[in-house]
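**Student:** here is a sequence together with a model predicted from it:
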Amino acid sequence: MPSRSSKPVDKLTTDEAQASLAELAAEIVAHDRRYHSEDKPIISDGDYDALRVRNAEIEAKFPELVRADSPSRSVGAAPSGTFSQVQHAKPMLSLDNAFADADVADFVASVRRFLAWPADQPLVFTAEPKIDGLSMSLRYENRKLVTAATRGDGSTGENVTANIRTIGEIPERLPDDAPDIVEVRGEVYMRRDDFFALNQRMAETGQNFANPRNSAAGSLRQKDSAVTKSRPLKFFAYAWGETSEPLGETQFDVVQLFRRWGFPVNEHMVRCTTVAEILTHYHAIDAERAALPYDIDGAVYKVDQLGLQERLGFRARSPRWAIAHKFAAEKAITTLNGIDIQVGRTGALTPVARLEPVTVGGVVVTNATLHNEDYIKGLGNKGEPIRAEGHDIRIGDKVIIQRAGDVIPQILDVVMEKRPADAEPYRFPNRCPVCDSHAVREEGEAVRRCTGGLVCPAQAVERIRHFVSRNALDIEGLGEKQIEFFFRHDNPALRIRTPADIFTLQTRQSGSLTKLEHIDGFGAVSVRKLFAAIDDRRQVQFSRFLFALGIRHIGETIARRLARHFLSFAAMRKVSQDARMPVSKSDPGNSAWQEIVGINGIGAIVAEALVDFFVEGHNSDALDALLAEVTPVDEEPVAAVSSPVAGKTVVFTGSLEKMSRDEAKAMAERLGAKVAGSVSKKTDLVVAGPGAGSKMKQASDLGIEVIDEEQWFELVGQGR
Ligand code: IVH
């Protein structure tokens, strides 16, 4: 048996991974101290690097286990950190992914819709390879390279300037006609042949990297830039951050400008105007893939006109004007040994395939998702046959599985010629495998759900796990095992069945004869720490609290949006309880409902989930019990944006001609305004287009200013 520290990352269990991350954090901090403060390193840079790489690999495989004190986070925490931190002048964002051709068509359609782009007018996109390396921001001031930073979390990266200066193809100086400030962004990568040669060289010292990307990242994160210099790193420029003046009119032109300045740019970038052209280029890049000297994992499409990019703007993590189209994933054939049914926090029964272990693209896969019962039967979302002849999936089948990037592997197809004679169609359970309640599938739903909401331990346990998870309440010391332990404990004084129970645990156990610290697995110190961690969360950010409640459709981004709008939890709860959903298409719902659906990025599905949650009696009781223990802290109003509409409540009505509703909303919000769906006393401004009806009348009755689209653009100083 390999020991935990040498076991391949994909073979680690969750517990082993957690223990390894704890050890690595302690070990790396100790080496950092020896190196930085004591100047007495006891391991080679290569060995040190290997520790960090292993830490990063485990974190990539188990993102939920990333520690608050992880070496990957504590970058630059002088004196023990390796690199100092750099605040990006403009955030370094990620890209949304497209997998199927239809996703690309959707992307193009959504851009056109957002811009209200006339159907007969061409819209140009650039298409280029997606380089599999790590993104880098190079800041030039007065035409001299001053800082190079990794992406980090998007707003803060690591300062790797000294190491970047060793990459020969990155210019140290820009030509005289370059602006005073410019951040050139792109990808640092390693060619495949260079990677193999480097690994061979390193093999003599017993080390190697898993792939060119890790190799590029590891080589760049060297403490000693002489080591980086010996590594064959390369760079492609494809984007930019802050600039003191505009760089051009189009994406394409700016990349050509970068080329003139001396940056390597990718030669496989073209302009396309239709989805068909984009897809043709995608297939051309895919066909070329194996012959390219570097790894790519897809293509990237960007709206070419920079003025349009500006109008499209950004979502929480990615621009609306670009998308990454990933290549089809690696595939393999293996045996389906069984199907397990997992019950999630919303009661959804999810089938998981247990597979004969098989290596796909360098990773051992033992589980794969089977999505839902129709998928096993061979039916798609609309009941249409999927997989060549719509055949079903049976235990014992040889199945084709696919793994794409970090996405959970899935079963694509069955090798029918190899189906065992006695294989039987799979019978999806109609009872919950955990609590035996009926599991029902509602009309129009793909998912079968356990009806045992309050009695089903699987749902309750999952809800508590979610409640304490890192991006929710983040209570350390309440892991999977502990939650199971408390959930099932015989002694009511030591039981946790609801979120509120977590906060009453200490008082309950102090009045009980059984003390936690006498129980195996809990020492006095860990019990003290656990109670301290719980107490520490009696005040919690509103958005985190809301996310922690685990309401359907309310993820982190939506929770933040709601918090930013309502500012206090009580205000949100009140509006949600007051809201009356529309009963027909022509019914707009009442003003509370309108307020919710008027929030940028919130639609009827989220609004309905919110209202459902708050009007349900059981939830209200559980929530009141929780609020007796925990206080959600009010959100600070967003720092005032200086614009003529900042802080104002705006209503758009009638048809807009130069922008879509979505764009109008996004623009107003960017300028610090609130957008509402209906006119009320709180409305400051109504922007009315042709066909505006009752809202315009209400506005004039209330004496509210009404302007047209043209005047709106004048007001906000954006010509169209
Ligand atoms: S554009 C605002 N173009 O992919 C987004 N990104 O999955 C700017 N990447 O973080 C990125 N090749 O590290 C862009 N040709 C390309 C790219 C590319 C690789 C990386 C980049 C980004 C990640 C998103």
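**Tutor:** It's in. Residues are numbered from 1 along each chain as shown.
**Student:** which other helices and strands contact the strand or helix carrying Phe196?
**Tutor:** Assigned by DSSP states H and E, Phe196 falls within helix 192-203. Packed against helix 192-203 by the contact rule (3 or more Cβ pairs under 8 Å, 6 or more residues apart in numbering; DSSP states H and E) you find helix 212-220. Quick note: C-beta positions are derived from backbone N, CA and C, even for glycine.
**Student:** looking at this structure, which helix or strand does the model trust least?
**Tutor:** When the helices and strands of the chain are scored by mean pLDDT, DSSP states H and E, helix 45-61 comes last with a mean of 73.
**Student:** contacting residues around stretch 522-532?
**Tutor:** Glu476, Gly477, Leu478, Gln482, Leu505, Gln506, Leu516, Glu517 (Cβ atoms under 8 Å, 6 or more residues apart in numbering).
**Student:** for the helix or strand hosting the fifth one, what is the average pLDDT?
**Tutor:** Per DSSP H and E, Leu505 falls inside helix 499-510. Per-residue pLDDT values across helix 499-510 average out to 93.
**Student:** list the buried residues of the helix or strand following it.
**Tutor:** As assigned by DSSP H and E, the chain's next helix or strand after helix 499-510 is helix 524-535. Under the neighbour-count criterion of 16 or more other Cβ atoms under 10 Å, helix 524-535 has Val527, Leu530, Phe531, Ala533, Ile534 buried.
**Student:** residues touching the last one, list them.
**Tutor:** By Cβ under 8 Å, 6+ apart, the contact set of Ile534 is Ile475, Leu478, Ile502, Phe503, Leu505, Gln506.
**Student:** mind checking which of the residues you listed are buried?
**Tutor:** Buried subset of these (neighbour count, 16+ other Cβ under 10 Å): Ile475, Leu478, Ile502, Phe503, Leu505.
**Student:** now do the same for the second one: its pLDDT.
**Tutor:** Which is Leu478. On the pLDDT scale, Leu478 gets 91.
**Student:** which ones are touching it?
**Tutor:** Taking Cβ under 8 Å, 6+ apart as the test, what Leu478 contacts is Ile464, Val468, Ile502, Leu530, Ala533, Ile534.
**Student:** now do the SS call for the most centrally placed residue in the chain.
**Tutor:** For the chain, the residue nearest the mean C-alpha position is Arg317 (7.4 Å; Cα atoms, centre = their mean). When classified by DSSP: H, G, I helix; E, B strand; the rest coil, Arg317 comes out as coil.
**Student:** repeat for Arg289
**Tutor:** helix.
**Student:** go ahead and confirm it touches Gly298.
**Tutor:** No: taking contacts as Cβ atoms under 8 Å, Arg289 lies outside contact range of Gly298: 9.7 Å.
**Student:** joint contacts of those two?
**Tutor:** Counting by Cβ under 8 Å, 6+ apart, the shared contacts of Arg289 and Gly298 are Phe327.
**Student:** so between the two, which is more surrounded?
**Tutor:** Neighbour count, other Cβ atoms under 10 Å: between Arg289 and Gly298, Gly298 has more, with 25 against 14.
**Student:** so which other helices or strands are in contact with the helix or strand where the more buried one lies?
**Tutor:** If you go by DSSP H and E, Gly298 is part of strand 296-303. Applying 3+ Cβ pairs under 8 Å, 6+ apart, we find strand 296-303 packed against helix 101-115, strand 125-131, helix 275-288, helix 306-312, strand 322-326.
**Student:** what's the most buried one of the ones you listed?
**Tutor:** Highest mean neighbour count of the helices and strands packed on strand 296-303: strand 125-131, a mean of 24 (counted as mean count of other Cβ atoms under 10 Å).
**Student:** what does the protein have sitting close to the ligand?
**Tutor:** 93-95, 128, 130-131, 135, 187, 238-239, 300, 319, 322, 324 (Cβ under 6 Å from any ligand atom).
**Student:** cutoff 8 Å now
**Tutor:** Within the chain, the residues that sit near the ligand (Cβ under 8 Å from any ligand atom) are 92-95, 97, 128-135, 151, 185-187, 236, 238-239, 266, 269, 296-297, 300, 302, 318-319, 322, 324.
**Student:** sorry, back to before: pretty sure the residue nearest to the centre of the chain is touching Arg151, no?
**Tutor:** No: Arg317 is beyond contact range of Arg151, at 11.7 Å (criterion: Cβ under 8 Å).
**Student:** give me the neighbour count for the closest residue to Val364 other than its chain neighbours.
**Tutor:** Excluding the flanking residues, the one nearest Val364 by Cβ to Cβ, 6 or more residues apart in numbering is Asp10, at 4.9 Å. By the criterion of other Cβ under 10 Å, Asp10 has 14 neighbours.
**Student:** tell me which element the residue of the chain found nearest the ligand is part of?
**Tutor:** Nearest to the ligand in the chain, going by Cβ to the nearest ligand atom, is Ser135, at a distance of 3.1 Å. Using DSSP H and E, Ser135 sits in strand 134-141.
**Student:** off-centre distance for that strand?
**Tutor:** Relative to the centre of its chain, strand 134-141 is centred 23 Å away, using Cα atoms, centre = their mean, to the nearest Å.
**Student:** would you mark the buried spots in it?
**Tutor:** Buried residues in strand 134-141 (16+ other Cβ under 10 Å): Leu134, Ser135, Met136, Ser137, Leu138, Arg139, Tyr140.
**Student:** so the last one versus Thr346, what's the distance?
**Tutor:** The one in question is Tyr140. 50 Å (Cβ to Cβ, to the nearest Å).
**Student:** cool, and the second one?
**Tutor:** Distance of Ser135 to Thr346, given as Cβ to Cβ: 35 Å.
**Student:** and what of the fifth one?
**Tutor:** Here the criterion is Cβ to Cβ. By it, Leu138 lies 45 Å from Thr346.
**Student:** ends of stretch 443-450, how far apart?
**Tutor:** 15 Å (Cα to Cα, to the nearest Å).
**Student:** can you offset everything so residue one is 872?
**Tutor:** I'll keep to 872 as the first residue from here, and by that count the last item is stretch 1314-1321.
**Student:** now do that stretch: distance to the chain's middle.
**Tutor:** For stretch 1314-1321, the gap between its own C-alpha mean and the chain's C-alpha mean amounts to 26 Å (Cα atoms, centre = their mean).
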